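K.L.:
Sequence plus predicted model, see below.
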Amino acid sequence: MLLAALGLIEDRGPRAVTHRSVARAAGVPLAATTYYFSSIDDLLASALELATEEEIARFRVEADELLSAVEVGPAPAERLAELMLAALAGERKALIAQYELWLEATRRPALRESARRSTEAYVELATELLRRVGSAVPETDGRLLIAAVDGLLLEALTEPGEIDPAGLRPALTRLLAALSAPVPERLPAS
C-alpha cells in the first residue's frame, strides 16, 4: 500500500492520496487501507518514512563512494556531480515524490520528523565531505552545500530536458572550493 501511495505522489502529488485511490492502486479492498492507516496524514507519514529509509540506505552507499573520492579517484565535485546526474536520470519520479512530501510536511506536522531525518542524513554526509576538504566550519557549510544541491536538483527537475553536466561540474567545483576556503576573521562590510 505504501508503494502505491508513493506512486500516486510521484504521478499526481500528495493531494492525490486518498484511502480509495491507494486501495485501487494497490489492488486491495478499501477496508485494508483504513485498517492500517487511520488517516491520510498517517498514510502519508508512513509513505514518507518508507521513502526516507530507502533513500537513506541508498544514500549511505553513495556517501561512502563520495567520501572515498576525496582521498583517491575523481575530485569530490566531479563525484558529487555524477551522483546528482544519476539521481536525475534514474529516480526522477522518486526525487519528485521526495520533494513533494517535504513541501507537504510544511502543512502536515505528521510528516516533519521523516523530512527532518532525511535532510539530516544528507547534511551529515556534506559535513563529513567538507571536513575532509578543509572547511573551517563544516557543520554550517554542510547545510549550505545541501541547500545548493537541492536548488540545482529542483531546477533540473523543472527543466524539460536533462541537466547540463558541463554546467553542473564547474558550479560544484566552485562551491566546494569556496566552502573549503578559510573563513576570514571579519567579514567585509557591505
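P.N.:
All right, it came through fine. All figures in this text were calculated on a predicted structure; none of them were measured in a lab.
K.L.:
switch to C-alpha atoms for all contacts and neighbour counts from now on
P.N.:
OK.
K.L.:
Mind listing what's buried along the helix or strand of the chain with the lowest mean pLDDT?
P.N.:
When each helix and strand of the chain is scored by mean pLDDT, DSSP states H and E, helix 76-90 comes last, with a mean of 72. Within helix 76-90, the residues scored as buried using 16 or more other Cα atoms under 10 Å are 76-85, 88.
K.L.:
a markdown table please, covering these and showing distance to residue 104.
P.N.:
Output for those, formatted as a markdown table (distance: Cα to Cα, whole Å):
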| residue | distance to residue 104 |
| --- | --- |
| 76 | 32 |
| 77 | 31 |
| 78 | 32 |
| 79 | 31 |
| 80 | 27 |
| 81 | 27 |
| 82 | 28 |
| 83 | 25 |
| 84 | 23 |
| 85 | 25 |
| 88 | 21 |
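K.L.:
Name the nearest of the residues you listed relative to residue 27.
P.N.:
residue 88 (29.3 Å; Cα to Cα).
K.L.:
What is the neighbour count of residue 158?
P.N.:
11 (other Cα atoms under 10 Å).
K.L.:
actually residue 59, not the one I typed
P.N.:
The local packing of residue 59 (other Cα under 10 Å) involves 18 other residues.
K.L.:
Is it in a helix, a strand, or coil?
P.N.:
Secondary structure, DSSP: H, G, I helix; E, B strand; the rest coil: residue 59 is helix.
K.L.:
Next up, the contacts around it.
P.N.:
Counting by Cα atoms under 8 Å, 6 or more residues apart in numbering, residue 59 touches residue 122.
K.L.:
now it: how far from residue 158?
P.N.:
23 Å (Cα to Cα, to the nearest Å).
K.L.:
Check the secondary structure at residue 169 for me.
P.N.:
Secondary structure state of residue 169, per three-state DSSP, is helix.
K.L.:
What confidence value was assigned to it?
P.N.:
With respect to pLDDT, residue 169 scores 77.
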